[in-house]
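Enquirer: Structure for this input, please:
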Amino acid sequence: MKPAKVVSINERALENLKYIRETMERAGSFTAVPGWGGILIGGSAVMTALVSSRLPTTRQWFFSWILEAGLAIAIGAWALVQKAKAVDSPLLYGPGRKFALSLCPGMIAGAVLTLALYQQHLFAVMPGTWLLLYGVSIVTGGAFSVKVVPVMGLSFMALGVIALFAPFAWANWFMAAGFGGFHLAFGTVIARRYGG
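Expert: Now for the predicted structure:
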């Protein structure tokens, strides 16, 4: 029978500290917010603002932004998966899961309110509502990410409040500034400072 290998308490402590440090580094490097995805979303939102400003009816304006929301969700999901793969972080656990679970309630509330506002033909309050609730979603999702993410959410919320009290004629400017400009600006910061 072979004698058992004796491991000193110092060796075990060093191994545990190394494991903890590596785990924290991996968790800290994955912001759960894809910067390049934000840039792509911002670009598509600017294009939608340009197109929708030329549409003849409010309903067409509405559906152009609904299509943009679907495109943005697809881009965001794709970018999130790519970022998780790049840093070898499981998407359904840890920061990615926390971000998604925190993001969803505000997004679901936005979808329900959109249906109600559409049914009542209240198009004028949609831009402010969308910006405000998207900002709420980003703030809550960003609680498990780097500091710049909640700041982005607060920026959306502030713009949404202003948009709620502004004339509908300015709707595309607010949408372009928020969903376009904020995504471009904050996406660039996230991509440069926090990777992808």
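Enquirer: Show the low-confidence segments of this structure, by residue range.
Expert: Low-confidence segments of the chain (pLDDT under 70): 1-8, 10, 13-14, 16-32, 90-92, 94-96, 196.
Enquirer: Flag every buried residue along the helix ranked longest in it.
Expert: Across the chain, the longest stretch assigned as helix under DSSP state H is helix 58-86. Buried positions in helix 58-86, judged by neighbour count with 16 or more other C-beta atoms under 10 Å: 61-62, 64-65, 68-69, 71-72, 75-76, 79-80, 83-84. In short, each C-beta sits where N, CA and C put it, glycine included.
Enquirer: Which of those sits closest to residue 127?
Expert: Top of the list for closeness to residue 127, among these and by C-beta to C-beta, is residue 65 at 8.4 Å.
Enquirer: Skipping adjacent residues, who's closest to residue 51 in space?
Expert: residue 64 (6.1 Å; C-beta to C-beta, 6 or more residues apart in numbering).
Enquirer: Who are the contact partners of that neighbour?
Expert: Shown in contact with residue 64 (C-beta atoms under 8 Å, 6 or more residues apart in numbering): 48, 51-52, 55.
Enquirer: quick one on the thing from earlier: how distant is the next helix or strand after the longest helix of the chain from the center of its chain?
Expert: Where DSSP states H and E defines the elements, the next helix or strand beyond helix 58-86 is helix 94-119. Offset of helix 94-119 from its chain centre (C-alpha atoms, centre = their mean, to the nearest Å): 11 Å.
Enquirer: and helix 94-119 with helix 58-86, angle?
Expert: With axes from the mean of the first three to the mean of the last three C-alpha atoms, to 10 degrees as the basis, helix 94-119 and helix 58-86 are set at 170 degrees to each other.
Enquirer: Excluding sequence neighbours, find me the nearest residue to residue 166.
Expert: residue 174 is the one closest to residue 166 (C-beta to C-beta, 6+ apart), at 6.8 Å.
Enquirer: For that neighbour, grab the count of nearby residues.
Expert: Neighbour count of residue 174, defined by other C-beta atoms under 10 Å: 21.
Enquirer: Check which helix or strand residue 36 maps to.
Expert: Under the criterion of DSSP H and E, residue 36 resides in helix 35-52.
Enquirer: pull the CA atoms of that helix into CSV?
Expert: Output of helix 35-52 as CSV, limited to C-alpha atoms (Å, rounded to 0.1, in the frame of the first residue of the first chain):
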residue,chain,number,x,y,z
GLY,A,35,-19.9,46.5,-26.8
TRP,A,36,-19.7,45.6,-30.5
GLY,A,37,-23.3,44.5,-30.4
GLY,A,38,-24.3,47.8,-29.0
ILE,A,39,-22.5,49.6,-31.8
LEU,A,40,-24.3,47.5,-34.4
ILE,A,41,-27.6,48.1,-32.6
GLY,A,42,-26.9,51.9,-32.6
GLY,A,43,-26.1,51.9,-36.3
SER,A,44,-29.3,50.1,-37.2
ALA,A,45,-31.3,52.5,-35.0
VAL,A,46,-29.9,55.5,-36.7
MET,A,47,-30.8,54.0,-40.1
THR,A,48,-34.3,53.3,-38.8
ALA,A,49,-34.7,56.9,-37.6
LEU,A,50,-33.8,58.1,-41.0
VAL,A,51,-36.2,55.8,-42.8
SER,A,52,-39.1,56.2,-40.3
